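S.K.: Here is my input; please provide its structure:
(3 chains)
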Amino acid sequence: MYVAVKGGDAAIENSQTLLAEERRGDKRVPELTLDQIKNQLSLSVDRVMAEGSLYDRDLAALAIKQARGDIVEAIFLLRAYRTTLPRFGNTLPIDTAKMQIRRRISATFKDLPGGQILGPSFDYTHRLLDFSLVENSDSPVAEEASENILEEMPRVTELLNDEGLIEKEIDVNEHEPFDVTRNSLKFPASREARLQNLARGDEGFLLALAYSTQRGWGKTHPFAGEIRMGEVGVEIIPEELGFPIEVGEITVTECQMVNQFKGSATIPAQFTRGYGLTFGHNERKAMSMGILDRSLRSKELGEAVNAPAQDEEFVLSHSCNVEASGFVQHLKLPHYVDFQSELVTVRALRKASTLSEDNKDSTDSKNVEAAE
Amino acid sequence: MTNVLLSSKNLSHHYGSQVGCIDVSFDIYPGEVLGVVGESGSGKTTLLKNISGLLQPSSGSVKFDTRVDGLKDIYLLSEPERRLLMRTDWGVVFQNARDGLRMNVSAGANVGERLMAIGARNYRDIRNEATDWLQNVEIGLERMDHYPETFSGGMLQRLQIARNLVTKPRLVFMDEPTSGLDVSVQARLLDLIRGLVSQLGIACVIVSHDLGVMRLLSNRLIVMHKGRVVEKGLTDQVLDDPQHPYTQLLVSSILPV
Amino acid sequence: MAAISGERKRSSRLKEKTLDGYNFAYLDDQTKRMIRRAALKAVAIPGYQVPFGSREMPLPFGWGTGGIQVTASIIGIDDTLKVIDQGADDTTNAVNIRRFFAKTAGVETTENTSDASIIQTRHRIPEVKLKSDQIIVYQVPIPEPLRWIEPREEETRKMHALTEYGVMHVELYENIAHYGKVTTSYNYPVQVNDHYVMSPSPIPKFDNPKMDKMPALQLFGAGREKRIYAVPPYTKVKSLDFDDHPFEIESWSECCALCESSSSFLDEVITDDKGSRMFVCSDSNFCADRRAKGHKGPGLPRKFEIKDIE
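M.R.: Here you go, the predicted model:
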């Protein structure tokens, strides 16, 4: 006698207890602290904040701990938490020219006002496993620079701008900016919607698409005009005060791509721009975003659109890993009913086809017969 | 019945500083086949896009004799009106048949689609109509439920023609319908197009660089060179007694058909 | 209705019943209002997909976030909620969503279809006829019925606006040409109120006729795709078909092994590894109800043979 499987409630609770146990792991090993995660896994924290679109190092560290280091899961946790937060208002646009620079490089000029500042970077490390880290290490202390860094570091694109060599970045939006977290994306998408979407988009997805443009699937011919990373102030204008006050400081990575030029009989040739910005320190993501911002302008700039990275519906509809991960994994949910419907259909078709095989007296094409 | 079916007035198109076509004017009457001839880059494909609603011209007007309101500028029609026109009164036969076909559905469905798009909801009727049209374009009925992917170039082009003509449009635009096909396949296709067009009284604009095609199909001819119309007239007249030096060059460079 | 009256008298009862630090039914009131506006618009334009600012929910996208947001926005403290997945109240996803609302809204939950004021469902419509004081909320994975034919949103919006639906019939035509019958068995497209072609969500086509002129309000939420649509009570819902190949639904020659129902959608249960199987109601509440009333099915597994299938 068949008895329907009951007790889903208890099963789910048991599974969650087991999950908590596995997360903690061997109890003889000291438990991770959020401070450890924030300090020693800071780039994970940066990525979770960027794609979780919530700048809070403590919450991001908590999410990473709770997710057992699964970054996409941690991003999901942060996003779901973000949903419940009230909105107090909009900040003023951050000014990256006033950034307290920790790293600033340009691939387009050997030297430039403000200089090249390498800062902390994996770029020139030899990727050799450092076995001194197996044991707790005493890390060296970096020497402080003898020269002060410019207070206001000019952007490379502005240097080009002076000569009119690159298209102007015009703020055409007098209106409140579109907000992808509050509205459903519509196509064609505005630039602000595109940049927000890419800023929250999955790093791996953006990286792969940006890479594809470099291999000829919709080339954008990019130069890394400038990449800078450091701290910027965040300001709001409280209604009671009417003037801006600084409410905090965030770390961001900004990438300005200088791209293939464009011109016509009436407009002299100019370089075009691609822009990338992420919370925290993440050059891979910022650069990928800069490349894609530009490749998604193909239609606007009258270029042929024939590669995935140029197709805004394709890129923007599939960039979010919270959506993607949820939908791919929803296949784990029961589909008994749909599958039963298919079973009924396939069996009926097989039965019909067995019958027609039996009745067949000529060599008529099966297709024609099935159609009758 | 001598109402103009389609009228192009002072049509020009520029791509930035590049010239597409300049100051092109002509009329097409019901049942008439108009050939547009010229070498590649002469502006004939731009012109075809301009007059078939695919590319808005920089200046000038394109008017079509709509069933309800008579002659109207197609670019002043609302989008729903223009889309309706495209799936009822107009047909477009692309040079590459794949651009005009649904490659992932059967030949029969390709022909039936326009019928369903205008409201046909009886499977048997749609099937019968599709059968007739596949016969008209000499595609064997055993291929009816096959995917176009398995068809030869000539068959694909014939299928595309059937797909367009099934709703009996009043005007069909054809862009190099026979290029890229073997000579013998071309000849068969040309015969077929000529037969169908005259039998159904469909007006046609055919763009081609091939004067042989024009001689066979078109009643009147427009010769384009560097974006401009350099000569126009009855086909035989233009081909047998070309006036413009460019036309003379074109005519002398091919073998007589 | 319940949603609105519940809103007024939530005050004292709320505090004791809902989760600390979170709003009643999780979402903040601004978001709920936004979703209710979208739902009202959807009711006003039956079958039209209204874009809305879908939020990240604490359940994954694709797991019912659209339905959950709709339910969270219309639910009041006096509502009684039933959640089903595959027709059953006890499947893990249904349990999980019911727990979510029990925890965040503290509302009564029920397995009894007739007792529920809101029924959230994935993949089924209950067998018992719904009433005009009930709302059924569907979880929708892909709201766009034209998506498989035209992946581009810019184009599908135009096709809907202009009722350019010929291509939908191309698919049915293909089914008949190749198989002699329409083979789409779930998520079978419908036309609502003679205009919008709509995805009924992946319910079996067996359930499609229940949507037509249903007394209950039908709301559809697609969280990941950020769309809400609706079928108002007593609205015409027609499954697409040809005049000479009318729409038809699945049927079984068996009856339910537990309650002997021969009019309900049956799930196939494999009972051993030798091909034995039996059929039981997918709607667990309907089945239990019938058994309580004394109906009894054959029960024992029997050898399955292909010729038994109609």
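
S.K.: Residue C:183 - that's part of a strand, no?
M.R.: No: counting by DSSP: H, G, I helix; E, B strand; the rest coil, one finds residue C:183 to be coil, located in no strand.

S.K.: downstream neighbour of the strand or helix carrying residue A:73 in the secondary structure list?
M.R.: Using DSSP states H and E, residue A:73 falls within helix A:71-83. Sequence-wise, the next helix or strand downstream of helix A:71-83 (DSSP H and E) is strand A:100-105.

S.K.: Against which helices or strands is the helix or strand that that following strand is followed by packed?
M.R.: Using DSSP H and E, the helix or strand that follows strand A:100-105 in sequence is helix A:156-162. Identification of packing neighbours for helix A:156-162 by 3 or more C-beta pairs under 8 Å, 6 or more residues apart in numbering or on different chains; DSSP states H and E yields strand A:223-236, strand A:245-262. All C-beta spots, glycine's among them, are computed from the backbone N, C-alpha and C.

S.K.: Give me the neighbour count for residue A:245.
M.R.: If you count neighbours by other C-beta atoms under 10 Å in any protein chain shown, residue A:245 ends up with 10.

S.K.: residues contacting it?
M.R.: If you count contacts by C-beta atoms under 8 Å, 6 or more residues apart in numbering or on different chains, residue A:245 has them with A:235, A:236, A:237, A:238.

S.K.: which one among those residues gets closest to residue C:278?
M.R.: Closest approach to residue C:278 among the contacts of residue A:245 (C-beta to C-beta): residue A:236, at 65.2 Å.

S.K.: Low-confidence ranges, the stretch 1-150 of chain C, go.
M.R.: For the stretch 1-150 of chain C, the stretches flagged by pLDDT under 70 are C:1-19.

S.K.: What residue in it comes nearest to chain B?
M.R.: Closest to chain B within the stretch 1-150 of chain C is residue C:149: 8.9 Å, counting by C-beta to the nearest C-beta.

S.K.: is it true that that residue lies in a helix?
M.R.: No: Residue C:149 is assigned coil when assessed by three-state DSSP, not a helix.

S.K.: What parts of chain C come near chain B?
M.R.: For chain C, the residues in contact with chain B (C-beta under 8 Å from any C-beta of the partner chain) are C:158, C:161-162, C:164, C:166-167, C:169-171, C:173-174, C:176-178, C:242-245.

S.K.: how far away is residue B:232 from residue B:37?
M.R.: Counting by C-beta to C-beta, to the nearest Å, the separation of residue B:232 from residue B:37 is 10 Å.

S.K.: and if you look at residue A:156?
M.R.: 53 Å.

S.K.: Verify the contact between residue A:226 and residue A:154 for me.
M.R.: No: in this structure, residue A:226 is not within contact of residue A:154 by C-beta atoms under 8 Å, at 9.6 Å.

S.K.: Show which residues not belonging to whichever strand or helix holds residue B:135 make contact with it.
M.R.: Element membership for residue B:135 (DSSP H and E) is helix B:123-136. Helix B:123-136 is contacted from outside by A:371, B:107-109, B:111-112, B:115-116, B:120, B:140-141, B:143-144, B:159, B:162, B:165-166, B:196, C:173, C:176-177, C:242-245, using C-beta under 8 Å, 6+ apart.

S.K.: Out of those, name the ones that lie in helices.
M.R.: A:371, B:107-109, B:111-112, B:115-116, B:159, B:162, B:165, B:196, C:173, C:176-177 (DSSP state H).

S.K.: Which of the residues you listed sits closest to residue C:51?
M.R.: Nearest to residue C:51 among those: residue B:116, at 28.6 Å, using C-beta to C-beta.

S.K.: In contact with the closest one, which residues are there?
M.R.: B:126, C:166, C:167, C:169, C:170, C:173.

S.K.: the helices in the stretch 51-200 of chain C, which residues?
M.R.: Assigned by DSSP state H, counting those that start in this stretch, the stretch 51-200 of chain C shows helices spanning C:65-74, C:92-104, C:153-161, C:166-179.

S.K.: Now do the shared contacts for residue B:232 and residue B:37.
M.R.: Joint contacts of residue B:232 and residue B:37 (C-beta under 8 Å, 6+ apart) are B:221, B:222, B:223.

S.K.: Count the neighbours of the residue lying closest to residue A:211 once chain neighbours are set aside for me.
M.R.: Counting by C-beta to C-beta, 6 or more residues apart in numbering or on different chains, residue A:211 lies nearest to residue A:288, which is 7.9 Å off, once chain neighbours are set aside. The tally of other residues near residue A:288 (other C-beta under 10 Å) stands at 26.

S.K.: Would you confirm that residue A:288 belongs to a helix?
M.R.: Yes: when three-state DSSP is applied, residue A:288 is found to be in a helix.

S.K.: ok, it - contacts?
M.R.: Residue A:288 makes contact with A:203, A:206, A:207, A:209, A:210, A:211, A:276 under the criterion C-beta under 8 Å, 6+ apart.

S.K.: again, only using 6 Å
M.R.: Applying C-beta atoms under 6 Å, 6 or more residues apart in numbering or on different chains, we find residue A:288 in contact with A:206, A:207, A:210.

S.K.: Mind checking which of these are in helices?
M.R.: Those of these lying in helices (DSSP H): A:206, A:207, A:210.

S.K.: quick one: which of these is nearest to chain B?
M.R.: residue A:210 (28.4 Å).

S.K.: quick one: the closest one from residue A:219, how far?
M.R.: 11 Å.
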